[in-house]
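[1] Predicted structure and sequence below. I'll ask about it afterward.
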Amino acid sequence: MNVLFDSPVGALLARPWVDPVGLYGLRRWYLPLSRLWAAANLAGLDVARFRDGIGLALPGFWSEARLQRLLARHGRAQARAEEMRTEWEAALFDPVAGGDPERLDRERRSAATAHLASRALFYPLLFPRRPPLARWRIDPPEQVERELGRAQENPSALYVAPLAPGSVETSRSFVREGLREYWLRAATPSARLRQRPGSETLYARVVEPVGGTIDTLVFGNGLCVETELMSMDRGPGPQLAAMGWRVIEPVSPYHGLRAMPGFYGGEPFFATSPMGSMDLIAGQAIESGLLVAWARARFAGKVALAGISMSSFVAQLAASHCHLWPAEARPDAALLISHSGRVEDVTFGGALAGMLGLDRALIEAGWARESLARLSRMIDPADMPALPPSRIVSALGETDRWVPYRDGLALAQRWRLPQDNQFRYRFGHLGMPVQLIRDSSPFARLRQVMNEG
């Protein structure tokens, strides 16, 4: 895959035209199929529950028998994925268990990929009318006011939690193509995430070169990205490890191994907004502090934090509030990729949120932009970061409308990031991952500023 991205074909993918094409594909195909698939995950063989879960009346020729056959085919893939995940987790985190860790990981990924691919079974159900893109569960403003109470007056309280490196379990490891891989597991230190079914446990994969003293990078993924479920590993870990980093790839709440029942990966981030968004961003920021503390306790070298798209908000908040954590939990540097400023502006001005209909869903649930702006201040970046600006690197696509470029640029200017720490590219949101494979300059700069002084 990297050979493709490094080629002239890869150069074509790092262009502004990719974003509108990607947005169209999400709206027309991927998200509607994902909604049908998530409803089937929850329904099992219960046709009535499936019909209720998709939010759409199906044509009459979709009889109960036909739907039951469809659900049965999907259910076999789901059952196999769940079986292999259970076997994988039990064996990897038991030091005396039998079984080859590499084989178990490969079989788990294969079964998970087959389950993800079972979305295709539901393609005929997209016609004549597509289902909703999300299972909207937005709490009204008065309920959120009651739930948060005085925390709204003191947003810093969201980022205070016990960070105990000793609570992190380490799995058995295996070596593949010169890289060692293993997994981390811990109860999330975020009190709010502990209330989200499926997200109570933190998972993270570690990929590192065999031998040598190296620095550590905690790297968060984007929305709906679930590379830990894919047979063909497209995550950043192996590439960055080949550059000498030890890479910790946390699984974001609501995604992959931490998916919520009845939702597809990433869906609760917007479907249960604004609380779902706030819980993920603030909760993963706290979890990042725990992973930084774990790495610092276990290894020599410095520890940096990076995030792309959705997890760039996580990295921004860690950079804003890490002074509230013990010294060992504070990253030495941060890299913000495809980042923005205020969450409210992304919600009401971002192309992705507009395509999802998030702004309309919030208004229908009783939210005004002004009330959402007051709430979003709890997860907006601080006026100035707790990390020195000289240790924060920014990478932005100048035509990005998914996470608006102008807001990311404004944050970099407000935080007074040095010009050498700012990277600008002439493309949008989807071109950034391709560009970072072709050009590792932001990561080279991150390592440089992390080790200065």
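    Sure, I can see it.
[2] Let me see the ranges of the strands in the protein.
    Shown for the chain, the strands assigned by DSSP state E span residues 169-170, 174-176, 179-187, 201-209, 216-220, 246-250, 303-308, 333-337, 392-397, 422-425.
[3] what's the closest of those strands to Gly262?
    Among those, the nearest to Gly262 by Cβ to Cβ is strand 201-209 (18.2 Å). The way it works is simple: take the backbone N, C-alpha and C, and place the C-beta from them, glycine included.
[4] and the closest one, what does it pack onto?
    The criterion is 3 or more Cβ pairs under 8 Å, 6 or more residues apart in numbering; DSSP states H and E, and the helices and strands that strand 201-209 contacts are strand 179-187, helix 237-242, strand 246-250, helix 275-298.
[5] With mean pLDDT as new columns, can these be given to me in CSV?
    Compiled in CSV, those are given as follows (pLDDT from 0 to 100):
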stretch, mean pLDDT
strand 179-187, 97
helix 237-242, 90
strand 246-250, 97
helix 275-298, 96
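[6] Tell me which of the ones you listed lies nearest to Ile54.
    For the helices and strands packed on strand 201-209, distance to Ile54 was read as Cβ to Cβ. The smallest value, 20.2 Å, belongs to helix 275-298.
[7] May I see the buried residues of the closest one?
    Under the neighbour-count criterion of 16 or more other Cβ atoms under 10 Å, helix 275-298 has 275-296 buried.
[8] Next: stretch 216-232.
    216-230.
[9] Where does pLDDT dip in the stretch 351-453 of the chain?
    Within the stretch 351-453 of the chain, the stretches with pLDDT under 70 are 453.
[10] Spit out the contact partners of Val346.
    If a contact means Cβ atoms under 8 Å, 6 or more residues apart in numbering, then Val346 has Ser340, Ala353, Val403, Pro404, Asp407 as its contacts.
[11] who wins for most neighbours among the residues you listed?
    Neighbours here are counted as other Cβ atoms under 10 Å. On that basis the top member of the contacts of Val346 is Val403, with 31 neighbours.
[12] my read: that residue touches Ser338, true?
    Yes. With contacts counted by Cβ atoms under 8 Å, Val403 reaches Ser338, the gap being 5.5 Å.
[13] Common neighbours of those two, please.
    Taking Cβ under 8 Å, 6+ apart as the contact rule, the neighbours common to Val403 and Ser338 are Ser309, Ser312, His429.
[14] Take those residues and keep only those in helices.
    Ser312 (DSSP state H).
[15] Figure out which of the helices and strands packed on strand 201-209 is closest to Gln152.
    Across these, Gln152 has its closest neighbour in helix 275-298 (10.9 Å, Cβ to Cβ).
[16] Now do the contacts for Ala293.
    Applying Cβ under 8 Å, 6+ apart to Ala293 gives the contacts Leu163, Pro165, Trp325, Pro326, Glu328, Ala329.
[17] To what extent is Gly99 buried, counted in neighbours?
    Taking other Cβ under 10 Å as the definition, Gly99 ends up with a neighbour count of 15.
[18] That one - nearest residue in space that isn't next to it in sequence?
    By the measure of Cβ to Cβ, 6 or more residues apart in numbering, the closest residue to Gly99 outside its immediate chain neighbours is Ala91, 4.5 Å from it.
[19] Touching, that neighbour and Gly98? I think so.
    Yes. Under the criterion of Cβ under 8 Å, Ala91 lies in contact with Gly98, with a separation of 7.2 Å.
[20] of those two, who's got more company?
    Under the criterion of other Cβ under 10 Å, the comparison of Ala91 against Gly98 puts Ala91 first, with 19 against 6.
[21] how far away is the more buried one from Pro250?
    Spatial separation of Ala91 from Pro250 under the definition Cβ to Cβ, to the nearest Å is 22 Å.
[22] what's the neighbour count on the spatially closest residue to Ala365 that is not a sequence neighbour?
    The shortest distance from Ala365 to any residue other than its chain neighbours is 4.0 Å, reached at Ile138 (Cβ to Cβ, 6+ apart). As a burial measure, the neighbour count of Ile138 was computed by other Cβ under 10 Å and equals 23.
[23] how about Ile138, what does it touch?
    For Ile138, the set of contacting residues under the criterion of Cβ under 8 Å, 6+ apart consists of Ala271, Thr272, Ser273, Pro274, Ala361, Leu362, Ala365, Trp367.
[24] pLDDT score for it?
    Each residue has a pLDDT score; the one for Ile138 is 95.
[25] Phi and psi next, for it.
    Summarising the backbone geometry of Ile138 under the convention degrees, to the nearest 10, its torsions are phi -90, psi 120.
[26] Equivalent analysis for Gly55, please.
    With angles defined as degrees, to the nearest 10, Gly55 shows backbone torsions of phi 70, psi 30.
[27] what's the neighbour count on it?
    Look at Gly55: counted by other Cβ under 10 Å, it has 14 neighbours.
[28] That one: what's it in contact with?
    Contacts of Gly55 (Cβ under 8 Å, 6+ apart): Arg35, Pro131, Pro132, Arg135.
[29] Kindly report the same for Asp407.
    The contact partners of Asp407, by Cβ under 8 Å, 6+ apart, come to Ser340, Gly341, Arg342, Asp345, Val346.
[30] burial of the fourth one, as a residue count?
    Spelled out, that is Asp345. 20.
[31] if I look at the closest residue to it other than its chain neighbours, how far off is Val225?
    Spatial nearest neighbour of Asp345, chain neighbours left out: Asp407 (5.3 Å); criterion: Cβ to Cβ, 6+ apart. The spacing between Asp407 and Val225, counted by Cβ to Cβ, is 21 Å.
[32] Leu67 now?
    With the distance defined as Cβ to Cβ, Leu67 ends up 30 Å from Val225.
[33] Kindly report the same for Gly428.
    For Gly428, the distance to Val225 equals 17 Å [Cβ to Cβ].
[34] Can you verify my assumption that Ala373 contacts Gly341?
    No. Ala373 sits out of contact with Gly341 when judged by Cβ under 8 Å, with a separation of 12.0 Å.
[35] any low-confidence regions in the stretch 151-300 of the chain?
    Along the stretch 151-300 of the chain, the parts satisfying pLDDT under 70 run over 213, 233-234.
[36] same thing but at 90, please
    Across the stretch 151-300 of the chain, the ranges flagged by pLDDT under 90 are 151-158, 176-178, 211-214, 232-237, 239, 242-243, 300.
[37] where do the helices sit along the stretch 101-250 of the chain?
    Per DSSP state H, counting those that start in this stretch, the stretch 101-250 of the chain has helices spanning 101-117, 141-148, 237-242. These are given in chain order.
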